[in-house]
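Engineer: The following comprises the amino acid sequence and a computationally predicted model.
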Amino acid sequence: MELDKKIKVKKIFDCFSDFEEVKKYFNKAVYCADFIENFSNLEHYTNTFIFKEFHLHECKPFVCSGQQYRFILPAEFVEHEKQYRAYTISEWYVKFHLGNGMILRPKNHKSLEFHVVYNGYAVDTGSNEIKLYLGCGLYTLPELFQSYERLENGRWIPFGVEE
């Protein structure tokens, strides 16, 4: 189940049909809701814990933070995707220095890789926009973020800062 662009969910348990599984999450971090649709925005929920003594062959809504709920989503089954935004120019200067080499590739043509060196920058006096010299190309920070990825520690990541 995919809730929004930032969150992926592996499994939601229903107390009535998954009672034996639910019991395994007693005193573990979970999200609780009355309806599965309520999980559509987990930012409104906080991790809590199941507090209920379970009785064999009895499935009643279970208790999270003093209220009864039918569905639980174990926190370990929630995968938060990393979100990025374009570098600001000051963040760029901290991360990259003149002469730094890097490997980048276009997002729309992932079989191409460019080995480039950061050679400096230029300021467009008409728009006051900063353009970076990478190899023989001239790029803006938003253009790099929108159109390119860079290789860092063996992984392709966006050209930006993790939020």
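Structural biologist: Now that the structure is in, tell me what you want to look at. This is a predicted model, so every value here is computed, not measured. Numbers count the residues shown, from 1 in each chain.
Engineer: ok, the residue lying closest to Glu113 once chain neighbours are set aside to Ser90 distance?
Structural biologist: Excluding its sequence neighbours, the residue lying closest to Glu113 (CB to CB, 6 or more residues apart in numbering) is Arg105, at 4.9 Å. The way it works is simple: take the backbone N, C-alpha and C, and place the C-beta from them, glycine included. Arg105 sits 26 Å away from Ser90, taking CB to CB, to the nearest Å as the criterion.
Engineer: between the two, which one's more packed in?
Structural biologist: Counting neighbours by other CB atoms under 10 Å for Arg105 and for Ser90 shows that Arg105 has the greater number, 17 against 8.
Engineer: thinking again about what came up before, identify the residues contacting the residue nearest to Glu113.
Structural biologist: By CB atoms under 8 Å, 6 or more residues apart in numbering, the residues touching Arg105 are Ser111, Leu112, Glu113, Phe114, Tyr148, Glu149, Leu151, Trp156.
Engineer: now the first one, what's its secondary structure?
Structural biologist: Using DSSP: H, G, I helix; E, B strand; the rest coil, the secondary structure recorded for Ser111 is coil.
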